[in-house]
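A.B. asks: below are the sequence and a predicted model; questions follow.
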Amino acid sequence: MSESASTTTVEPTNTGPVPGNPGGMPEDIPPASTMDLEAINPVYAKLFSENRWQEFFERLRKEDPVHLNDTPTTGRYWNLTRYEDIRRVDQDWQNFSSANGITIGRAVGDESDGGGPFANFRMFIAMDPPTHDVQRKTVTGVVAPTNLAKLEPLIRERTRNVLDSLPVGETFDWVDNVSIELTTMMLATLFDFPFEERRKLTFWSDAATTIPQPGAIVETGEEKRNAILGCLEYFTRLWEERKQKPGDDLVSMLAHGEDTKNMHPMEFLGNLMLLIVGGNDTTRNTMSGSVYAFNQWPEQLAKLKANPALIPNMVPEIIRWQTPLAYMRRTANVDCEIGGKQIKKNEQILMWYVSGNRDESVFENANVVDIERPNVRHHLSFGFGIHRCMGNRLAELQLRVLWEEILPRFEKIEVMEEPTRTYSSFVKGYTRMPVRITRR
């Protein structure tokens with residue numbers, strides 16, 4: 001890695017606003033229907049941890065689909081909540097840039113307060129062409145169709161082993177025992193990471209996207225910074241090893257790629273965080289979300305049991321319904337108009353995938369899981385255009401294999417109590433979900 005590349009700082013960052021009273025919303029948030037429209041701030045993490053986000057986006061879609069917020073920690077940002085507006089911006093990188101960051105906050109490298117989990121990381125998803133294109137191309141081979149075909153037997157074997165090891169007749173945490181375990185094993189394979197230490201990947205992913213607060217995985221900004229720098233230190237050792245003995249893994253691809261081998265360490269760290277979080281949080285939360293969804297709509301599970309051929313359509317429907325990353329940010333390159341609102345150059349725009357995926361004008365009965373939904377592949381969860389999630393086929397493969405192996409094994413996976421959800425407005429997921437299984 002080159003020390004001469006442009007530097008960025010590693011500062012404690014937040015997922016959404018800082019704890020306390022972010023965005024001007026009260027600690028005890030009243031119902032959306034009782035609030036003044038201008039007071040609604042959908043980036044507030046508590047809405048997601050309490051699973052109350054739906055009513056706020058529903059009101060914004062109806063009354064103010066291009067909604068302005070302005071806070072001291074994050075500045076001005078526009079919230080896009082309707083499907084067509086989101087898709088338009090997502091596909092137009094010339095007018096709506098990623099280069100100033102993909103999460104709410106200041107520009108990349110800005111050391112002021114505020115910012116999402118990636119506000120100060122330099123990574124290819126937070127770049128525009130041509131740099132974005134060449135860095136992304138360096139690592140896409142790991143998720144090419146030919147490589148996925150090679151990985152599927154391994155994914156299936158591991159899935160079977162994990163499912164067969166689950167206890168019967170006692171309550172256990174599905175998130176930790178299944179979702180984290182399967183996704184972390186996959187990440188370890190993609191990075192050729194020491195398998196016995198694979199839970200470090202989970203820790204670093206959680207640390208990067210966690211708001212520091214008492215009881216969190218990192219309680220202070222200093223703990224968060226140290227965790228992230230620990231990730232860089234560990235992977236720098238792997239980088240040096242792979243420079244001498246390259247393999248087919250992501251670290252080797254970055255270390256030997258013509259456009260990535262001279263990256264500054266902070267740029268390497270940024271791309272690591274992107275690949276770790278992208279491969280960990282999204283898939284694991286969709287795996288957990290699928291079990292929760294079928295507890296909410298057991299008739300859909302019965303339909304799937306009766307016709308397992310519906311699994312390929314069920315997979316994108318669960319991904320739509322869960323929407324594991326709630327939003328992505330762009331920055332306006334020019335003065336423009338969206339939905340009748342005048343947006344000025346350099347203003348932030350949040351594309352709320354989680355809201356677009358519930359847009360009734362596109363998805364009928366959008367709040368409901370329907371595994372036979374005809375247009376489900378139009379969902380926004382993977383984004384559109386040049387930044388479309390490069391690992392989308394791997395995520396679908398892992399979820400498909402999981403349910404292909406669940407159906408013949410388990411009669412029931414019962415969620416025993418309401419799951420604990422991620423305190424984040426960016427990563428929409430679960431930290432704990434107690435379940436009990438009944439085998440066939």
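C.D. replies: The structure has been received and is ready for your questions.
A.B. asks: use CA for all of it now, contacts and neighbours both
C.D. replies: Noted.
A.B. asks: helix, strand or coil for Glu299?
C.D. replies: In the three-state summary, Glu299 is assigned as helix, counting by DSSP: H, G, I helix; E, B strand; the rest coil.
A.B. asks: for His67, same thing?
C.D. replies: Three states are possible here, and by three-state DSSP the one that applies to His67 is strand.
A.B. asks: pretty sure it is touching Leu60, no?
C.D. replies: Yes - with contact defined as Cα atoms under 8 Å, His67 counts as touching Leu60 (7.2 Å).
A.B. asks: for Arg393, see how far away Thr282 is.
C.D. replies: Separation of Thr282 from Arg393 (Cα to Cα, to the nearest Å): 12 Å.
A.B. asks: between these two, which has more neighbouring residues?
C.D. replies: Each of Thr282 and Arg393 had its neighbours counted (other Cα atoms under 10 Å), and the higher figure belongs to Thr282 (25 against 14).
A.B. asks: quick one, phi psi at the most centrally placed residue in the chain?
C.D. replies: Geometric centre of the chain, nearest residue: Leu325, 3.5 Å, by Cα atoms, centre = their mean. Backbone torsions of Leu325, given as degrees, to the nearest 10, read phi -110, psi 120.
A.B. asks: and the one 10 residues further on, by the same measure?
C.D. replies: Reported as degrees, to the nearest 10, the phi and psi values for Asp335 are phi -60, psi 140.
A.B. asks: which residues touch Ser381?
C.D. replies: Contacts here follow Cα atoms under 8 Å, 6 or more residues apart in numbering; on that basis Ser381 touches Ile319, Arg320, Thr323, Pro324, Leu325, Tyr353, Val354, Asn357.
A.B. asks: my guess is the third one contacts Val354, does it?
C.D. replies: Yes - with contacts counted by Cα under 8 Å, Thr323 reaches Val354, the gap being 5.5 Å.
A.B. asks: pull out the buried residues from whatever helix or strand Ile155 lives in.
C.D. replies: Ile155 is part of helix 145-164, with elements assigned from DSSP states H and E. Taking 16 or more other Cα atoms under 10 Å as the neighbour-count basis, helix 145-164 is seen to contain the buried residues Leu148, Leu151, Ile155, Arg156, Arg158, Thr159, Arg160, Leu163.
A.B. asks: using PDB, write out every CA atom in it.
C.D. replies: Taking C-alpha atoms only, helix 145-164 is exported to PDB below (Å, rounded to 0.1, in the frame of the first residue of the first chain):
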ATOM      1  CA  PRO A 145     -21.000 -16.800 -11.700                       C
ATOM      2  CA  THR A 146     -18.200 -19.400 -12.300                       C
ATOM      3  CA  ASN A 147     -16.800 -18.800  -8.800                       C
ATOM      4  CA  LEU A 148     -20.300 -18.900  -7.200                       C
ATOM      5  CA  ALA A 149     -20.900 -22.300  -8.900                       C
ATOM      6  CA  LYS A 150     -17.700 -23.500  -7.200                       C
ATOM      7  CA  LEU A 151     -18.700 -22.100  -3.900                       C
ATOM      8  CA  GLU A 152     -22.200 -23.500  -3.700                       C
ATOM      9  CA  PRO A 153     -21.200 -27.000  -2.600                       C
ATOM     10  CA  LEU A 154     -19.200 -25.500   0.200                       C
ATOM     11  CA  ILE A 155     -22.000 -23.200   1.200                       C
ATOM     12  CA  ARG A 156     -24.500 -26.100   1.200                       C
ATOM     13  CA  GLU A 157     -22.200 -28.400   3.300                       C
ATOM     14  CA  ARG A 158     -21.700 -25.700   5.900                       C
ATOM     15  CA  THR A 159     -25.400 -24.800   6.000                       C
ATOM     16  CA  ARG A 160     -26.300 -28.500   6.600                       C
ATOM     17  CA  ASN A 161     -23.700 -28.800   9.400                       C
ATOM     18  CA  VAL A 162     -24.900 -25.700  11.100                       C
ATOM     19  CA  LEU A 163     -28.600 -26.600  10.900                       C
ATOM     20  CA  ASP A 164     -27.900 -30.200  12.100                       C
END
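A.B. asks: next secondary structure element downstream of that helix?
C.D. replies: Trace forward from helix 145-164 with DSSP H and E and the next one is strand 172-173.
A.B. asks: quick one: strands adjacent to that next one?
C.D. replies: strand 434-439 (antiparallel) (DSSP bridges).
A.B. asks: buried stuff in the partner strand?
C.D. replies: Neighbour-count burial for strand 434-439, with 16+ other Cα under 10 Å as criterion, is recorded at Pro434, Val435, Arg436, Ile437, Arg439.
A.B. asks: what's in contact with it?
C.D. replies: Against strand 434-439 from outside (Cα under 8 Å, 6+ apart): 167-174, 409-417, 419.
A.B. asks: which one's the longest helix in the protein?
C.D. replies: As far as residue count goes, and with DSSP state H defining each element, the longest helix of the chain is helix 265-296.
A.B. asks: show me what it is packed against.
C.D. replies: Applying 3 or more Cα pairs under 8 Å, 6 or more residues apart in numbering; DSSP states H and E, one finds that helix 265-296 makes contact with helix 181-191, helix 199-209, helix 221-244, helix 311-322, helix 392-406, strand 410-415, strand 430-432.
A.B. asks: just put these in JSON lines and tack on mean pLDDT and distance to Thr331.
C.D. replies: Rendered in JSON lines, the data for the helices and strands packed on helix 265-296 read as follows (pLDDT from 0 to 100; distance: least, Cα to Cα, whole Å):
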{"stretch": "helix 181-191", "mean pLDDT": "89", "distance to Thr331": "31"}
{"stretch": "helix 199-209", "mean pLDDT": "86", "distance to Thr331": "21"}
{"stretch": "helix 221-244", "mean pLDDT": "88", "distance to Thr331": "26"}
{"stretch": "helix 311-322", "mean pLDDT": "97", "distance to Thr331": "25"}
{"stretch": "helix 392-406", "mean pLDDT": "91", "distance to Thr331": "24"}
{"stretch": "strand 410-415", "mean pLDDT": "96", "distance to Thr331": "40"}
{"stretch": "strand 430-432", "mean pLDDT": "96", "distance to Thr331": "29"}
